[in-house]
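S.K.: Give me the fold of what follows.
(chains A and B)
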Amino acid sequence: MARTAHTVAVRSLTKSFGDVRALRGLSFSAPPGSVTGLLGPNGAGKTTALRCLLGLVRPDSGQAEIGGRRYAALPDPPAAVGASLDAAAAHPAWTGRRHLEIYRRAAGAPARRAAEVLEEVGLTAAADRRIGGYSTGMRRRLALATALLGDPGVLVLDEPGNGLDPAGAAWLRGFLRARAAAGGTVLVSSHLLAEIGQTADRVVVMDRGRALAEGTLAEVAGEHGLEAAFLALTGAGAMEVPQ
Amino acid sequence: MTRLIGVEFAKFFATRTWMWTGALLAAAAFGMTAVVGIAGPTGTPPLPGPDTEDGLAVAIGMSGMLVIVPALVGLTAMTGEYRHGTAVPTFLAAPRRWRVVAAKLAAFTAIGAGYGAVAAAAGGAGIALACAVLGVQPAAGTAAIAAGLARAALAITVYTLIGVGFGALVRNQLAGLAVLGGYLYFIDPMLSFFPVLGPLQPFLPRGATDGLTGFGALAERVAAESGIAAPDLLAPGPAALVLLGYALLAAAAAVALPVRRDVV
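M.R.: Got it, this is the predicted structure:
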């Protein structure tokens, strides 16, 4: 990893879609050198939070910044932050290689990067097949490869483990841990306790648009474990944990 | 910006659809001008042949009927970003979204012009074939015919941009296809039946297209046969300006809307 990793900082973020209040003052941070897991039940607002961070959704109020800047204000966004939000974000008639080649050009990354990221995510053998024929796991790897094109210091991944088989999940875990160990900032969202429990150093538990707890895995899990803490936090709904 | 325009070309040429679309457009332009040229004079009611001024205008104007094809090319390119979810990696790579859309408009101006040139060449070949089969000389010289076909090519270019802009407006591919196709072939022609809207006809997209391509000759003939009052269409120059106005509106919508809207 060649780039400087920045801290991701979200402060008092609010966002409503019509009558639905998706985010209600969400605050958390994800520092370099660690995997931060954004953990919450379905509909907690995880995806909206990540979309606000990446400038795809405009928050009603609050800030979502990477190294102190909004995503769109970064000098070279794809080189600073790699993101994957939706494994289906690819034209089914293109080959994996063509997809990466197109987004490599869009990111302004060097020509060798397409082949490098294919190798990095283990997709070289399937690179010349049409994406329409890819399994969910292969699409996940392609989405991750797309995020890596700019060789970013920060990775933002929405539910990256969805649809992966056990071997794929183990591979992803190792991959994300290695990025963090090399000094990178890794922010992953998930509704799967086991996935976060095995991958993350830091955990942000969120529900109904706000953070209910934030800290190291041990701090949040406490003596009864992550599941008990998660259920207690989300079951109680508005129960606040001092941050 | 050059980089982003290159990316839009790369996306366009990433599948072979562009080739099939070009082949379809060429075959349709060639077929329409050839069939109208050859069979028109013996049809019921008879149409003027390519050895008359009116006949040439009809043949060239036929290519104006094909504008739905480039419109759908532009529409599909824009709505495809949302349909396949590629709007996300696209906007992540270039978060100043107006630059992405401006690049798309630039690329599709060239692509539309390319399709226009293909359709014009095929239409010219159809006219030449009709003249050869009937053993007649075309009513106008090569330069005049080429100028007419160039106007049809301009219409095709403009409609490509209208497609991109309309795609940005609706985002849903199927809805876009239905609305754009329905408007061009059903609603716009129907409007001429309403006397109040009649005077507007030359300024609506269909009327402006027919004005630009000189399709008025056929329209007037049909109107005379059926007893419907046909509006006077604009001359090619003003008609081109009206159409360009629509393209500018579409381009403005294409740039303004994706910038403001959330990508969810």
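S.K.: So which residues on chain A come close to chain B?
M.R.: Proximity of chain A to chain B (Cβ under 8 Å from any Cβ of the partner chain) is limited to residues A:17, A:48, A:51, A:54-58, A:71-72, A:74, A:77-78, A:83, A:85-86, A:88-94, A:98, A:101-103, A:105-108, A:146. In short, each C-beta sits where N, CA and C put it, glycine included.
S.K.: Can you pull the poorly scored residue ranges out of chain A?
M.R.: Filtered on pLDDT under 70, chain A yields the residue ranges A:1-3, A:236-243.
S.K.: swap in chain B?
M.R.: Judged by pLDDT under 70, chain B has its weakly predicted residues at B:192, B:195, B:216-231.
S.K.: Centre-most residue in it?
M.R.: What sits nearest the mean C-alpha location of chain B, by Cα atoms, centre = their mean, is residue B:67, with 2.4 Å.
S.K.: Also chain A?
M.R.: What sits nearest the mean C-alpha location of chain A, by Cα atoms, centre = their mean, is residue A:157, with 1.9 Å.
S.K.: sec struct for that residue, please.
M.R.: Secondary structure assignment for residue A:157 (DSSP: H, G, I helix; E, B strand; the rest coil): strand.
S.K.: Let me see the contact set for the closest residue to it other than its chain neighbours.
M.R.: Nearest residue to residue A:157 in three dimensions, chain neighbours excluded: residue A:188, at 4.8 Å (Cβ to Cβ, 6 or more residues apart in numbering or on different chains). The contact partners of residue A:188, taken as Cβ atoms under 8 Å, 6 or more residues apart in numbering or on different chains, are A:35-38, A:155, A:157-158, A:160, A:176, A:196, A:199-200.
S.K.: ok, now with 6 Å
M.R.: Residues in contact with residue A:188 (Cβ atoms under 6 Å, 6 or more residues apart in numbering or on different chains) are A:37, A:157, A:160.
S.K.: Tell me who's in contact with the first one.
M.R.: With contacts taken as Cβ under 6 Å, 6+ apart, residue A:37 has the following neighbours: A:188, A:196, A:200, A:203.
S.K.: where's it, which helix or strand?
M.R.: According to DSSP states H and E, residue A:37 maps onto strand A:34-39.
S.K.: doesn't residue B:159 make contact with the residue nearest to the centre of chain B?
M.R.: Yes - between residue B:67 and residue B:159 there is a contact at 4.1 Å, judged by Cβ atoms under 6 Å.
S.K.: show me where the chain has helices.
M.R.: Using chain A here. Using DSSP state H, the helices of chain A run over A:46-53, A:77-80, A:96-107, A:113-120, A:136-148, A:166-181, A:193-199, A:217-221, A:226-236.
S.K.: meant chain B actually
M.R.: Counting by DSSP H, one finds helices in chain B at the ranges B:2-12, B:17-39, B:53-62, B:68-83, B:87-93, B:97-134, B:142-170, B:173-182, B:188-190, B:205-213, B:216-226, B:236-260.
S.K.: what's the second one in contact with?
M.R.: When you say that, I think you mean helix B:17-39. B:12, B:50, B:59, B:62-63, B:66, B:69, B:73, B:115, B:118-119, B:122-123, B:125-127, B:129-130, B:133.
S.K.: Check the third one too.
M.R.: Applying Cβ under 6 Å, 6+ apart, the external contacts of helix B:53-62 come out as B:32-33, B:36-37, B:47-50, B:127, B:139-140, B:148-149, B:152, B:213-215, B:217-218.
S.K.: Also the fourth one?
M.R.: Under the criterion Cβ under 6 Å, 6+ apart, residues B:21, B:25, B:87, B:108, B:112, B:115, B:156, B:159-160, B:162-164, B:166-168, B:171, B:173, B:176, B:180, B:184 lie in contact with helix B:68-83.
S.K.: Chain B against chain A: which residues are in contact?
M.R.: Applying Cβ under 6 Å from any Cβ of the partner chain, we find that chain B lies next to chain A at B:7, B:10-11, B:14-15, B:84-86, B:88-89, B:92-93, B:95, B:262-263.
S.K.: rerun at 8 Å
M.R.: Counting by Cβ under 8 Å from any Cβ, chain B comes close to chain A at B:3-4, B:6-7, B:10-11, B:14-15, B:17, B:80, B:84-86, B:88-96, B:262-264.
S.K.: which among those residues end up buried?
M.R.: Buried by 16 or more other Cβ atoms under 10 Å in any protein chain shown: B:4, B:7, B:10-11, B:14, B:80, B:84-86, B:88-95, B:263, out of the residues of chain B next to chain A.
S.K.: Between the contacts of residue A:37, identify the one with the most neighbours.
M.R.: For those, the largest neighbour count, defined by other Cβ atoms under 10 Å in any protein chain shown, is 28 neighbours, found at residue A:200.
S.K.: For that one, give me its contacts.
M.R.: A:34-37, A:39, A:188, A:217.
S.K.: change it to 6 Å
M.R.: Going by Cβ under 6 Å, 6+ apart, the list of residues near residue A:200 reads A:35, A:37, A:217.
S.K.: gap between it and chain B?
M.R.: 23 Å (Cβ to the nearest Cβ, to the nearest Å).
S.K.: now that residue: how far from residue B:20?
M.R.: 49 Å (Cβ to Cβ, to the nearest Å).
S.K.: go on, residue A:155?
M.R.: Applying Cβ to Cβ, the value for residue A:155 to residue B:20 is 39 Å.
S.K.: and if you look at residue A:81?
M.R.: On the measure of Cβ to Cβ, residue A:81 and residue B:20 end up 38 Å apart.
S.K.: Kindly report the same for residue A:199.
M.R.: Distance, residue A:199 to residue B:20, by Cβ to Cβ: 46 Å.
S.K.: Please compare the two by neighbour count and tell me which comes out ahead.
M.R.: Between residue A:199 and residue B:20, residue A:199 has the larger neighbour count (other Cβ under 10 Å), namely 25 against 10.
S.K.: what's around the closest residue to that one other than its chain neighbours, how many residues?
M.R.: The shortest distance from residue A:199 to any non-neighbouring residue, by Cβ to Cβ, 6+ apart, is to residue A:173 (5.0 Å). For residue A:173, the count of nearby residues is 18 (other Cβ under 10 Å).
S.K.: quick one: contacts for the residue of the stretch 101-250 of chain B found nearest chain A?
M.R.: Distance from chain A to each residue of the stretch 101-250 of chain B (Cβ to the nearest Cβ) is smallest for residue B:103, at 9.6 Å. For residue B:103, the contact set (Cβ under 6 Å, 6+ apart) comprises B:4-5, B:8.
S.K.: ok, 7 Å please
M.R.: Residue B:103 makes contact with B:1, B:4-5, B:7-8 under the criterion Cβ atoms under 7 Å, 6 or more residues apart in numbering or on different chains.
S.K.: mind checking how far it is from residue B:83?
M.R.: According to Cβ to Cβ, residue B:103 stands 19 Å off from residue B:83.
S.K.: Put the buried members of the contacts of helix B:17-39 into a PyMOL selection.
M.R.: Of the contacts of helix B:17-39, the buried ones go into a single PyMOL selection, burial set by 16+ other Cβ under 10 Å:
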select buried, chain B and resi 12+50+59+62+63+66+69+73+115+118+119+122+123+126+127+129+130
